[in-house]
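Participant: quick one: sequence plus predicted model below, questions after.
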Amino acid sequence: MHVLCPVGGQGLSEALAATSDFGAILAKLPYQPAEALKGVATHGSPLVQAEALALGAALMCWFLYLLTRNCSHVDRMWSTLAPVYVAIFARKDLAAVMVAVRGLAARGCALGSSPIDCLAALRSAVTDSGADTRLLLATVLSAAWGCRLTYNFWRRGGYNPRFEDHRWLEVRKIMHPLMFEVFNLVFVALAQHALCLLITLPAFVAATLSTAPPRPLGPADWAAAATFALFLLGEAAADQQQWAFQRRKHQREAERLPRSGDLKRGFRTTGLFRFSRHPNFFCEYGMWWSFYVLCAVLPCGCLLGWSVAGAAGLTLLLHAGSLWITERISSARYPQYADYQASTSAIIPGRPGPRLKDD
C-alpha cells in the first residue's frame, strides 16, 4: 500500500481527457446545440454524461433561485443526484446484471423455484454476467444513502416549494446583497453541485480498473462497505433522535405544557448528541471516506489519489461552513448552548463532559 499514488493515481488521465472533451462539447453548444447534445449522449466516457448532468442541475438551481429567491433547490437535488452519478459510472455493469436477471426470469426461476434457489441462481447469474461486484456494491450503498437522506428531507417538508433551510436567512443577514448573489451562483449552485459529483468520483476510478473477470472482493473491501453501512445507520439514528426531540419540543410549546431538561433548554444533549454536537455531520463525511476507501484506496493500493477531493471537500464544508453557521444560530437562540459547546465535541465523537444543569 503506497501513501501517495504515482502521478495522481488511477483514472486521472481518463478524467482529464473526458473533462477536456466535455469542454469542447460545451464550446459547440451556442451555435451547434443538437450536435453538442449528441456529443454528450454518445461519448464513450461516463464522466462526460455525469459532468453534463451536474452542470445542467447547477444552472437549473440558479435559474430557480432567480425566480423564487429560494436557496434550497440544491438541497432538493443533492440526495438524488449522487446515486445517479454512481449508477452512470457503473452503467455497463448494471446493464450486464439486467441482462442476466432477464434471462433468469425467462427461465422461470421466479415462478418455479424456492426463494433460496432463486437467490442462489441470481448470485450465480450476476457472477457469470461479468459485472464488477465493487461497482454494484457502490451503487447499492449510494442508493441506500440517497433513499435515507431523501426520506429525512421529505419529512421535514423539504420538497415543499416554499421550504428554505433556515440557515440561509442567517447568511443573508451577514452578507451584502450583491455579494450574496455572487455567492449564490458560485457556491450554492456551482460549487455544491461540483462537490456532489466529486464525492462519487471514486466509483469512476473503480470503473477504470475493470478487468475481465473482475477481481473478487476481499475482507478489507467488505469491511469498508460495512463501515459505510454503520455510518449510514448512525446518521439515521442521529436524525431520528433529533426529529423526535424537535416534534416533542414543538408539541409541548404549542400545548403550553411544562418543560424541563433539554425540552426547556431548546436543544438536544442526550443520545448520540451526548458525544457530539453534530453526529450526523460526522457520519455523513464518514460514509464518503468509506466510499473512497472501497472504490479507490483498496483497488488501487494507495492512500491518497486525486479522487480524495470529494471526501476531503465535504469534510471541509461541514467543519468550516455548516458547523460555523449552525453554531452561530444555536448560540444566539439558546442561552445554555455555550455550556454545551464547552462540554461536548463539535463533530468527532469524544468523551462528554458533565451533563448540563437545569436552570
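Facilitator: Thanks, I have it.
Participant: can you find the helix or strand in the chain with the smallest mean pLDDT?
Facilitator: helix 109-112 (a mean of 55; mean pLDDT, DSSP states H and E).
Participant: give me the buried positions along the strand or helix carrying Val182.
Facilitator: Using DSSP states H and E, Val182 sits in helix 177-183. Of the residues in helix 177-183, Phe180, Phe183 count as buried by neighbour count, 16 or more other C-beta atoms under 10 Å. Where C-beta positions appear, they are placed from N, C-alpha and C, glycine not excepted.
Participant: one more: stretch 221-234?
Facilitator: Buried residues in stretch 221-234, defined by neighbour count with 16+ other C-beta under 10 Å: Asp221, Ala224, Ala225, Thr227, Phe228, Phe231, Leu232, Gly234.
Participant: list of residues touching that stretch?
Facilitator: The contact list for stretch 221-234, computed with C-beta atoms under 8 Å, 6 or more residues apart in numbering, reads 134, 137, 141, 144-145, 148, 272, 279, 282-284, 286-287, 290-291, 293-294, 298.
Participant: could you do stretch 183-202 as well?
Facilitator: Applying C-beta under 8 Å, 6+ apart, the contact partners of stretch 183-202 are 15, 50-51, 54-55, 57-59, 61-62, 65, 71, 74, 77-78, 81-82, 85-86, 89, 138, 142, 171, 175, 288, 291-292, 294-296, 307, 309-311, 313-314, 317.
Participant: for ChimeraX, what selects the buried ones among those residues?
Facilitator: In ChimeraX, this line selects whichever of the contacts of stretch 183-202 come out buried by 16+ other C-beta under 10 Å:
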select :15,50,51,54,55,57,58,61,62,65,71,74,77,78,81,82,85,86,89,138,142,171,288,291,292,294,295,296,307,310,311,313,314,317
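Participant: which residues of this structure fall in strands?
Facilitator: Applying DSSP state E to the chain gives strands spanning 2-4, 302-304.
Participant: tell me where the model's unsure across this structure.
Facilitator: For the chain, residues meeting the criterion pLDDT under 70 lie at 1-8, 104-115, 117-118, 122, 125, 128, 210-213, 359.
Participant: can you give the domain ranges for it?
Facilitator: Domain assignment for the chain, taken from automatic domain parsing, gives 2-90+132-343, 91-131.
Participant: what sits against Phe85?
Facilitator: Not Phe; residue 85 is Tyr. Ala50, Leu53, Ala54, Cys196, Leu197, Thr200, Ala203.
Participant: and the residues you listed as TSV, adding distance to Leu217?
Facilitator: Listed next are these as TSV, based on distance: C-beta to C-beta, whole Å:
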residue	distance to Leu217
Ala50	24
Leu53	28
Ala54	29
Cys196	26
Leu197	25
Thr200	19
Ala203	15
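Participant: list just the nearest of those to Val40.
Facilitator: Checking the contacts of Tyr85 against Val40 by C-beta to C-beta gives Leu53 as the nearest, at 9.2 Å.
Participant: who's in contact with that closest one?
Facilitator: Leu81, Val84, Tyr85, Ile88.
Participant: mind running it again at 6 Å?
Facilitator: By C-beta atoms under 6 Å, 6 or more residues apart in numbering, the contact set of Leu53 is empty.
Participant: before we move on, what about the one 4 residues further on?
Facilitator: Under the criterion of C-beta under 6 Å, 6+ apart, the contact list for Ala57 reads Met77, His193.
Participant: Leu26: neighbouring residues, count only.
Facilitator: Residues lying near Leu26 (other C-beta atoms under 10 Å) number 15.
Participant: quick check, Thr150 in contact with Trp78.
Facilitator: No: counting by C-beta atoms under 6 Å, Thr150 stays clear of Trp78, with 9.2 Å between them.
Participant: buried deepest among the domains of the chain, which one?
Facilitator: Burial of the domains of the chain is given as mean neighbour count (mean count of other C-beta atoms under 10 Å); domain 2-90+132-343 ranks first at a mean of 17.
Participant: thinking again about what came up before, in helices, which of the contacts of stretch 221-234 appear?
Facilitator: Taking DSSP state H as the definition of helices, these contribute 134, 137, 141, 144-145, 148, 279, 282-284, 286-287, 290-291, 298.
Participant: tell me which two of these sit farthest apart.
Facilitator: Spatially, the most separated pair among the ones in helices among the contacts of stretch 221-234 is Arg134 and Pro279, at 28.5 Å (C-beta to C-beta).
Participant: going by distance to Tyr31, which of the buried residues of stretch 221-234 wins?
Facilitator: Phe228 (44.8 Å).
Participant: residues in contact with the closest residue to that closest one other than its chain neighbours?
Facilitator: With sequence-adjacent residues excluded and distances taken as C-beta to C-beta, 6 or more residues apart in numbering, Phe228 is closest to Ser290, at 4.0 Å. Ser290 makes contact with Ala224, Thr227, Phe228 under the criterion C-beta under 6 Å, 6+ apart.
Participant: 8 Å instead?
Facilitator: Ala224, Ala225, Thr227, Phe228, Phe231.
Participant: what of Trp243?
Facilitator: Asn152, Arg155, Arg156.
Participant: okay, the second one and Phe163: tell me how far apart.
Facilitator: Between Arg155 and Phe163 the distance, using C-beta to C-beta, to the nearest Å, works out to 12 Å.
Participant: picking that back up, among the buried residues of stretch 221-234, list the two that are farthest apart in space.
Facilitator: Within the buried residues of stretch 221-234, Asp221 and Gly234 form the most distant pair, 20.6 Å apart (C-beta to C-beta).
Participant: no further questions, thank you.
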